[in-house]
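>>> Return a 3D structure for these sequence lines:
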Amino acid sequence: MSTPSGAGKPRILHLHSSFSPGGKELRCVQLINAFGPGLRHAIVSGEPEQMGAAKLISRSISVDYPQDFPSLQGRPWPGRLLKLAKAMKPYDLVLTYNWGAMDAVMAHTIFSEALGLPPLIHHEDGFNEDEAGKLKASRNWYRRIGLGKASGLVVPSERLEEIALLTWQQPIGRVKRIANGIDTKAFAKTPRHDVLRVVKRDNEKWVGTLAGLRPVKNLTALVRAFAGLPEEWQLVIVGEGPEKDRIRGEAAALELSHRVHLPGQVANPADVAGLFDIFALSSHSEQFPISVVEAMAAGIPVAAPAVGDIAQMVASENAPYICAPGDEAALAASLKQLATDDVLRGDIGLANRTKARAEFDEQRMIDTYRRLYASALGQEIR
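Next up, the predicted model:
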């Protein structure tokens with residue numbers, strides 16, 4: 001892990017619901033590395049044992065991981081919120097992420113004037129399984145009030161922007177939609193066939209996904225949708241999480257254990273995305289999944305439910321294979337159509353890669369975040 005150093009540099013506090021490798025965490029690391037050693041960072045996780053993304057931060061960056069920071073979890077009693085507020089005071093900018101950090105956002109709004117707290121920018125990337133089907137009224141109310149003093153609310157998708165403006169009643173000037181971006185050229189390379197613990201053989205084709213193995217990702221449904229593909233097709237689910245045994249159990253029940261592989265987490269998705277012949281999602285809820293952008297940049301067709309912005313993200317040629325949410329039969333049909341036509345997969349993959357490079361390259365995203373954070377800090381980020 002990186003070590004703290006660099007007195008006099010602006011200090012940025014990151015408050016995460018979790019800091020295990022996932023979409024928002026990897027974007028945070030991406031930005032920290034892009035901004036370089038001119039800033040100092042402190043990172044707190046609502047689940048202190050979930051800190052796996054930290055090892056991806058460049059060693060040239062000054063980062064510490066405060067062990068005495070008040071817990072982000074608990075009842076929002078005034079005394080606890082005051083402790084959170086006081087813990088933010090030594091920093092120059094506070095960045096909070098998702099519902100798991102919302103108590104800190106509320107603490108900032110309540111005590112910012114009395115304590116002279118630094119500016120705060122909140123980031124919302126989506127919802128866990130407890131809000132995948134319907135947002136909770138109590139949480140909508142809490143967000144509406146808690147965001148009252150935020151300098152910005154960043155969302156990656158059109159759907160979240162609509163929720164922020166209408167449901168959470170945030171002023172239009174506070175809400176900033178910034179699409180997630182990646183190093184699209186890095187995904188154009190041809191990966192080694194043995195980069196994972198499972199080796200891709202010459203006679204195999206792969207349906208692949210990059211996802212945290214969590215209930216909201218609904219990966220047992222992907223196993224079922226995959227089941228009808230021919231024997232040469234393998235399902236490779238790259239990621240870690242608590243649903244691993246359930247996924248393996250579903251594969252065993254369908255007598256697919258020899259064709260369903262869970263090789264674990266990878267540090268760099270660009271090393272593996274190009275191994276997939278089809279990229280697939282089965283999630284109950286997404287907003288702007290970075291894994292879809294990665295698949296597009298790798299020149300791969302996508303089969304997925306139309307959750308979040310996925311239908312708008314993919315190229316128009318790919319749109320027929322984005323199906324109704326929760327329709328496993330439709331997802332299975334999309335996989336089957338793509339699996340049976342090599343030319344179709346190639347044409348869609350090329351269209352996806354073209355769109356990813358034009359609209360979702362990381363430099364545009366980095367530059368936009370740089371301007372936003374610099375404005376809140378009141379100084380340039382070099």
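>>> Next up, the contacts around the nearest residue in space to residue 85 that is not next to it in sequence.
Spatial nearest neighbour of residue 85, chain neighbours left out: residue 111 (3.7 Å); criterion: CB to CB, 6 or more residues apart in numbering. Every residue, glycine included, has its C-beta placed from N, CA and C. Contacts were defined as CB atoms under 8 Å, 6 or more residues apart in numbering; by that measure residue 111 touches 81, 82, 85, 86, 117.
>>> Which of these are buried, as a ChimeraX select command?
Burial among the contacts of residue 111 is assessed by 16 or more other CB atoms under 10 Å; the matching ChimeraX selection reads:
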select :81,82,85,117
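>>> Next one: the residue nearest to residue 85 from residue 144, what distance?
18 Å (CB to CB, to the nearest Å).
>>> cool, and residue 275?
Taking CB to CB, one finds residue 275 at 44 Å from residue 144.
>>> neighbour-wise, which of these two wins?
A direct count of neighbours by other CB atoms under 10 Å for residue 275 and residue 144 places residue 275 higher, at 22 against 14.
>>> thinking the more buried one is in contact with residue 198, fair?
No. Checked against CB atoms under 8 Å, the pair residue 275 and residue 198 is beyond contact range at 9.6 Å.
>>> Give the residues shared as contacts by the two.
Counting by CB under 8 Å, 6+ apart, the contacts common to residue 275 and residue 198 are residue 236.
>>> in what helix or strand does the residue nearest to residue 85 lie?
Using DSSP states H and E, residue 111 falls within helix 102-115.
>>> how far does that helix sit from the chain's center?
26 Å (CA atoms, centre = their mean, to the nearest Å).
>>> And the average pLDDT for that helix is what?
Helix 102-115 shows a mean pLDDT of 98.
>>> Now it: buried residues?
Neighbour-count burial for helix 102-115 [16+ other CB under 10 Å]: 102, 103, 104, 105, 106, 107, 108, 109, 110, 111, 112.
>>> Next, the contact list for the closest residue to the second one other than its chain neighbours, please.
Same thing as residue 103. Counting by CB to CB, 6+ apart, residue 76 is the residue found nearest to residue 103 once chain neighbours are left out, at 5.2 Å. Applying CB under 8 Å, 6+ apart to residue 76 gives the contacts 103, 106, 142.
>>> and the next element down the chain from the helix holding residue 111?
strand 120-123.
>>> List the strands paired with that next one, with their directions.
Paired neighbours of strand 120-123 in the sheet (DSSP bridges): strand 93-97 (parallel), strand 152-155 (parallel).
>>> Make CSV from these and add mean neighbour count, mean pLDDT and distance to residue 11 to it.
Output for the strands paired with strand 120-123, formatted as CSV (neighbours: other CB atoms under 10 Å; pLDDT from 0 to 100; distance: least, CB to CB, whole Å):
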stretch, mean neighbour count, mean pLDDT, distance to residue 11
strand 93-97, 26, 98, 8
strand 152-155, 24, 97, 18
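>>> Now distance to residue 215 too, for those strands, in a markdown table please.
Below are the strands paired with strand 120-123 laid out as a markdown table (distance: least, CB to CB, whole Å):
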| stretch | distance to residue 215 |
| --- | --- |
| strand 93-97 | 20 |
| strand 152-155 | 23 |
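>>> Of all the ones you listed, which one comes closest to residue 345?
Across those, residue 345 has its closest neighbour in strand 152-155 (31.8 Å, CB to CB).
>>> I'd like the next helix or strand past the closest one.
Next element after strand 152-155 (DSSP H and E): helix 158-162.
>>> what pairs with the very next helix or strand once past that next one, and is each one parallel or antiparallel?
Note on helix 158-162: by DSSP H and E, the next helix or strand toward the C-terminus is strand 175-177. Counting by DSSP bridges, the strands paired with strand 175-177 are strand 152-155 (parallel).
>>> so how far is the strand it pairs with from its chain's centroid?
Distance, centroid of strand 152-155 to centroid of chain: 15 Å (CA atoms, centre = their mean).
>>> Could you look up the SS state of residue 87?
Secondary structure assignment for residue 87 (DSSP: H, G, I helix; E, B strand; the rest coil): helix.
>>> Can you tell me how far it is from residue 187?
39 Å.
>>> Compare neighbour counts for these two and give me the winner.
Using other CB under 10 Å, the more surrounded residue of residue 87 and residue 187 is residue 187, with 24 against 20.
>>> which residue ranges form the strands in the chain?
For the chain, strands defined by DSSP state E occupy the ranges 11-16, 40-45, 62-64, 93-97, 120-123, 152-155, 175-177, 205-210, 233-238, 260-264, 278-280, 302-305, 322-323.
>>> of these, which approaches residue 27 most closely?
Of all the strands of the chain, it is strand 120-123 that lies closest to residue 27, at 8.6 Å by CB to CB.
>>> contacts for the closest one?
24, 88, 93-98, 101, 105, 108, 112, 147, 149-155, 372-373, 376.
>>> Could you check how far the residue lying closest to residue 71 once chain neighbours are set aside is from residue 19?
Nearest residue to residue 71 in three dimensions, chain neighbours excluded: residue 46, at 7.5 Å (CB to CB, 6+ apart). Counting by CB to CB, the gap between residue 46 and residue 19 amounts to 9 Å.
>>> okay, the two: which has more neighbours?
Per other CB under 10 Å, whichever of residue 46 and residue 19 has more neighbours is residue 19, with 26 against 21.
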